[in-house]
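# Whatever this is, show me its structure:
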Amino acid sequence: ELILRHRQFVLIFSLVMNALLIWRFRLPAFLFVLLYEPAKFYLFGDRFLAEGIIVYPLVYLTGVVLLKLSKRTLISSDYYLVSISAWFVIFMREPYVPLALVLFAIILFERKIKQIKLWSFAIFAGLSAITLLSFNIPEYFFNVFTVNYTTFLPSDVKADMIGNRFTQALFYPIYIFFYGPSNILRTLLIFIDVAFLANLITLLKQKRYVSVLTIAVVLGLANIRVVLPGSMFYEAFRMVVWFGLFIFMTSMLVFWNFARKKLFYASILVLLIGLVTFIGSKSYFPREPFDQQEALLTNYGEIMQIGEVVRKLSNSGDTFFLDGSDDLIYWQAKIPSSYKYSWYTSAMPHFKKYADARIEMFNNSPPDFYKEFGTCPKKSDIGPLYRLPDLVAPDYIRLSKENEPSCLFVHRNKIPEITEEQWRKAAEHLYTNKVQP
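So this is what the prediction gives:
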């Protein structure tokens, strides 16, 4: 049900935002929807991920910026919607804070200060203040910025492509022609890129240097995690923001050059050929064989299994601790974490405050149920920070799964409280209380 609700939310959110974009930007937005929606699956744009969700407000911000660059008069609702969009992006996915702020600043910046712009900034500042004040601010900044900057910020370049991180992000449309696997996504990218570069070069010939520079900077800021063109799924889901903005900017550029009939119709033809080639391919995902039940069990089977076992063995007031992964088990188990910070994600053992809080938990309020990290009990691939501490290890009994040692432990003090009926229900999910060494 959780997965279903997530998919439904993304579907409804996409429909509403696409309707808003088409209402505001007309045919360029319609062309964007036509190209983006059939392809976003390959970059996880259909999943309940912040990267895919923020594409639409970023497209709105970008569209307003492009309207301003083309000397179009903005309407009152633009100023209110861009403030909400900028706030939404900033607090949904922090790596895109610079991109959202740059777009928002371009829209508001003008020598003559208008009252509506002051209202727009006030809405943005007010929403941001309310959001920040709803958190423990020092903890928020440590977790969101320090941890992410230290752990996840890419420090190297994509070794398969020449240049440094700056050039790879800025000139990515050039790299599309020369790097990456041969697949339907990269083929679509090449078709879009042809239209993009042809229309961008026309802007250069028109000496619209500010517009060209703005487009380059915006796409560069959107491309924070460069991967090979044509990369898909887990390898490339952070590219979905760049992908969406790249398609939308191409659409806007094509209609900017509507007066140049040959270029306009050639661009539309190239884009439509690319789209037809993409969705007409035998490898396009709706044509691939798919067993929904098999996919569910492959991706979530162990999560549901362990969660159900813990739920059926637990009573009111019991606690649980997941060591470093599979956080959705909390949802399935329906019992809370005993850890101070609730989740103990795979990055947290590298930070003293989180590692110390974990040890403090085991010493002062040990969880009734505990799941070890990774492919346990084969521990060669994990360090001691992901296992039961030696001091408390004797206090726990490892359960068996199909007569083999499992990842799941129960505290010895909890064992007498578990009834035979509860053990029988756990056995239905292949877990037993046979003591393992």
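
# List the buried residues in the strand or helix carrying Lys425.
Assigned by DSSP states H and E, Lys425 belongs to helix 420-427. Residues of helix 420-427 classed as buried: Gln422, Lys425, Ala426 (neighbour count, 16 or more other C-beta atoms under 10 Å). Yep, even glycine has a C-beta here, placed from its N, CA and C like the rest.

# And these, which is closest to Thr319?
Of all the buried residues of helix 420-427, the one sitting nearest Thr319 is Gln422; the distance, using C-beta to C-beta, is 16.6 Å.

# Quick check: pLDDT value at that closest one.
At Gln422, the model reports a pLDDT of 97.

# Tell me where this protein has strands.
All strands of the chain, identified by DSSP state E, fall at 320-322, 369-371, 396-401, 404-411, 431-432.

# on that earlier part again, between strand 404-411 and the helix holding Lys425, find me the angle.
140 degrees (axes from the mean of the first three to the mean of the last three C-alpha atoms, to 10 degrees).

# which helices and strands sit right next to helix 420-427?
helix 292-313 (3 or more C-beta pairs under 8 Å, 6 or more residues apart in numbering; DSSP states H and E).

# from the chain's centre, how far out does the lengthiest helix in the chain sit?
As assigned by DSSP state H, the longest helix anywhere in the chain is helix 2-25. On the basis of C-alpha atoms, centre = their mean, to the nearest Å, helix 2-25 sits 16 Å off its chain's mean C-alpha point.

# can you list the residues that contact stretch 169-177?
161, 163, 168, 186, 189-190, 193, 196-197, 216, 219-221, 223-224, 226, 229, 242, 246 (C-beta atoms under 8 Å, 6 or more residues apart in numbering).

# List only those of those residues flagged as buried.
161, 168, 186, 189-190, 193, 196-197, 216, 219-221, 223-224, 226, 229, 242, 246.

# Just to check, Pro181 is in contact with Leu228?
Yes - using C-beta atoms under 8 Å, Pro181 makes contact with Leu228 at a distance of 6.9 Å.

# Now for the residue lying closest to Phe237 once chain neighbours are set aside, how many residues are close by?
Among residues not flanking Phe237 along the chain, Phe44 sits closest, at 3.9 Å (C-beta to C-beta, 6 or more residues apart in numbering). Taking other C-beta atoms under 10 Å as the criterion, the count of residues near Phe44 is 19.

# returning to that earlier point: what inclination does the helix holding Lys425 have with respect to strand 396-401?
Using the same axes, to 10 degrees: helix 420-427 against strand 396-401 is 60 degrees.

# just use 3 as the starting number from now, easier for me
Let's use 3 as the start, then, which means that last one is helix 422-429.

# quick one: helix 422-429 to helix 294-315, angle?
Using the same axes, to 10 degrees: helix 422-429 against helix 294-315 is 160 degrees.

# coming back round to it: how close does the residue nearest to Phe239 sit to Lys342?
Distance, Phe46 to Lys342, by C-beta to C-beta, to the nearest Å: 31 Å.

# same question, Phe323
11 Å.

# Quickly list what's touching both of the two.
Met363.

# higher neighbour count, the two?
Phe323 (24 against 15).

# check contacts around the more buried one.
With C-beta under 8 Å, 6+ apart, Phe323 has these contacts: Ser339, Ser340, Tyr341, Tyr346, Met363, Pro369, Phe371, Tyr372, Lys373.

# More neighbours: which of Pro183 and Leu230?
Set Pro183 next to Leu230 and count neighbours by other C-beta under 10 Å: Leu230 wins out with 17 against 11.

# ok, and the closest non-adjacent residue to that one?
Counting by C-beta to C-beta, 6+ apart, the residue nearest Leu230 is Gly182, at 4.3 Å.

# quick one: that neighbour and Glu237 touch, right?
No - counting by C-beta under 8 Å, Gly182 sits too far from Glu237 to count as a contact (11.2 Å).

# Pick out whichever of the two has more residues nearby.
Higher neighbour count among Gly182 and Glu237: Gly182, with 19 against 11, using other C-beta under 10 Å.

# Excluding residues flanking it in the chain, which one is nearest Asp80?
Distances taken as C-beta to C-beta, 6+ apart put Val66 closest to Asp80, at 5.2 Å, once the chain neighbours are dropped.

# can you check Val61 too?
Phe250 (4.8 Å).

# hang on, the earlier thing: the strands of the chain into CSV, with extra columns for distance to Tyr82 and mean pLDDT?
Below are those laid out as CSV (distance: least, C-beta to C-beta, whole Å; pLDDT from 0 to 100):
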stretch, distance to Tyr82, mean pLDDT
strand 322-324, 42, 96
strand 371-373, 46, 96
strand 398-403, 55, 94
strand 406-413, 50, 93
strand 433-434, 54, 94
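
# so which of the ones you listed gets nearest Arg28?
Of the strands of the chain, nearest to Arg28 by C-beta to C-beta is strand 322-324, at 48.5 Å.

# Quick check: which ranges of the stretch 253-402 of the chain have low pLDDT?
For the stretch 253-402 of the chain, the stretches with pLDDT under 70 are 376-387.

# OK, contacts around Ile56?
Phe90, Val91, Met94, Arg95, Tyr98, Val243.

# Asn225 too?
Here Asn225 is in contact with Gln170, Ala171, Tyr174, Met241, Trp244 (C-beta under 8 Å, 6+ apart).

# repeat for Glu304
Asp328.

# again, only using 10 Å
For Glu304, the contacting residues are Asp328, Ile331, Lys403, Cys409, by C-beta atoms under 10 Å, 6 or more residues apart in numbering.

# got it, and Tyr372?
Contacts of Tyr372 (C-beta under 10 Å, 6+ apart): 312, 321-325, 340, 364, 389-390, 394, 397-398, 400, 409-413.

# can you check Leu221 too?
Contacts of Leu221 (C-beta under 10 Å, 6+ apart): 64, 101, 171-175, 198, 243-244, 247-248, 251.

# Next, count neighbours for the closest residue to Leu247 other than its chain neighbours.
The shortest distance from Leu247 to any non-neighbouring residue, by C-beta to C-beta, 6+ apart, is to Ala224 (5.0 Å). Ala224 sits with 26 neighbouring residues when counted by other C-beta under 10 Å.
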